[in-house]
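**Q** got a predicted model here, sequence first, then my questions.
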Amino acid sequence: MSIIAIFFIIVIVVGIKKKQESQQSILLRIVANYLQLLTAALSFNLKFPKALTQLMYPVERIGNSSEAFLSFDCFINDYEVTAFAPSNAIFKIFLTGLLPIGLILLSLVVWGSLKLVFRSKFKDIKRNMIVTIILIMFLLHPMLTKVGIEIFQ
Amino acid sequence: MWSAVLGLPIIVIWAIGCPVLAFMMLFKNRHSLEENKVQRYLLVLYQGLRSEAYYWELVNTIRKSFIIAINVFMSTLPLVYAACTAVLFLVALVRVQVRIMPYKSKLNNELEIEAMVTGTATLF
């Protein structure tokens, strides 16, 4: 989980810091696209050599950020939340659907607090918020697509 | 029923809505991508890309989504069909990319093409 969080934070911080075109941001975007594509390729149930799957394990964790921030399985098992969903699997999908909203709210809180502490201009905070939302959606998109499509399987 | 209640909003809002919204914002501002006002908020979506290929991030998003969709929807068929379809799709897109060369820098173009070829080779 920590490796994914670090990658997310690096992408977001670099995206926010660089107000002009920067090679770092471009490279990070290419790397993120590559990792996400590789993860999608590895999720095919092919008989990949064990050495390859072991080597690619961290890549899969970053590229497919499902259960990245919150271990929904543990959460559901610990609290036995089944009140309004027929099964844990459905509830897990429901939580995953809400994950972007949760992360956006979290970033809102972080940027709001930073504005209060450092008395930054509203214009800067607005920019940071918009860039953060774009990058969160960019990073979570493959996972959300996968969860959304898989439910129809 | 649950697939409609939960799956459709996730697909419509997150999987389709967000990339389309991002593309629409870029399309609306396609003639003013070099202006400060647009760069301030949207630069992360098109930086490094040539102005004629401002939409390339949407192509990348479609590429990833399509691979995921092939994996899920073709799962009832023998695996080799899904893998072949994915390889064909990826190779076709790499060919398009080689033709368009969406990045301003030659190195970035080569890097992304090689990254995509590696992804394709993994499936192959």
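**A** Everything's here; your move. What you see is a predicted model, and the numbers here were worked out from it, not measured in a lab.
**Q** wasn't A:Ile134 part of a helix?
**A** Yes: A:Ile134 sits within a helix when classified using DSSP: H, G, I helix; E, B strand; the rest coil.
**Q** check whether the lengthiest helix in chain A contacts chain B.
**A** The helix spanning the most residues in chain A, taking DSSP state H as the definition, is helix A:88-118. Yes: interface with chain B: helix A:88-118 contributes A:Ile90, A:Ile93, A:Phe94, A:Thr96, A:Gly97, A:Pro100 (CB under 8 Å from any CB of the partner chain). Glycine gets a C-beta too; all of them are placed from N, C-alpha and C.
**Q** pretty sure the fourth one sits against A:Leu140.
**A** It refers to A:Thr96. No: using CB atoms under 8 Å, A:Thr96 makes no contact with A:Leu140, being 9.2 Å away.
**Q** chain A versus the spatially most central residue of chain B, what's the distance?
**A** With the centre of chain B defined as its mean C-alpha position, the nearest residue by CA atoms, centre = their mean is B:Asn60, 1.8 Å away. From B:Asn60 across to chain A, the span is 5 Å (CB to the nearest CB, to the nearest Å).
**Q** kindly list the main-chain dihedrals of that residue?
**A** Here is the backbone geometry of B:Asn60 (degrees, to the nearest 10): phi -60, psi -40.
**Q** residue contacts, it?
**A** By CB atoms under 8 Å, 6 or more residues apart in numbering or on different chains, B:Asn60 lies in contact with A:Asn33.
**Q** switch to 10 Å and redo it
**A** Residues counted as contacts of B:Asn60 (CB atoms under 10 Å, 6 or more residues apart in numbering or on different chains) are A:29-30, A:32-34, A:36-37, A:138, A:141, B:19, B:93, B:97, B:102, B:112, B:116.
**Q** of those - the most surrounded one?
**A** A:Gln36 (27 neighbours; other CB atoms under 10 Å in any protein chain shown).
**Q** quick check: that one vs B:Val38, distance?
**A** 26 Å (CB to CB, to the nearest Å).
**Q** helices along chain B, start to end?
**A** B:2, B:8-9, B:18-28, B:36-46, B:56-73, B:79-100, B:106-123.
**Q** tell me which of those helices sits most buried.
**A** Mean neighbour count, computed with mean count of other CB atoms under 10 Å in any protein chain shown, is highest for helix B:56-73 among the helices of chain B, reaching a mean of 20.
**Q** any idea how far that one is from the chain center?
**A** Relative to its chain's centre, helix B:56-73 lies at 6 Å (CA atoms, centre = their mean, to the nearest Å).
**Q** same question for stretch A:142-153.
**A** 15 Å.
**Q** ok, so of the contacts of B:Asn60, who is nearest B:Glu52?
**A** B:Glu52 lies nearest to B:Pro102 out of the contacts of B:Asn60, by CB to CB, at 8.5 Å.
**Q** and that closest one, backbone torsions?
**A** Taking degrees, to the nearest 10, you get phi -70, psi -20 for the backbone angles of B:Pro102.
**Q** so where's chain B shaky on pLDDT?
**A** Scanning chain B for pLDDT under 70 picks out B:2.
**Q** neighbours of A:Ile104, how many?
**A** When neighbours are counted by other CB under 10 Å, A:Ile104 comes out with 15.
**Q** chain neighbours aside, what residue packs nearest to it?
**A** Nearest residue to A:Ile104, sequence neighbours excluded (CB to CB, 6 or more residues apart in numbering or on different chains): A:Ile133, at 5.6 Å.
**Q** is it correct that that neighbour is in contact with A:Leu106?
**A** No: contact criterion CB atoms under 10 Å: A:Ile133 and A:Leu106 do not qualify, at 11.4 Å.
**Q** which one's more surrounded, those two?
**A** Just comparing A:Ile133 and A:Leu106: by other CB under 10 Å the higher neighbour count belongs to A:Ile133, 16 against 13.
**Q** do you know the pLDDT at the more buried one?
**A** Looking at A:Ile133, its pLDDT reads 94.
**Q** next up, the contacts around it.
**A** A:Ile133 touches A:Pro100, A:Leu103, A:Ile104, A:Ser107, A:Leu108, B:Cys18, counting by CB under 10 Å, 6+ apart.
**Q** kind regards, and thank you for your time.
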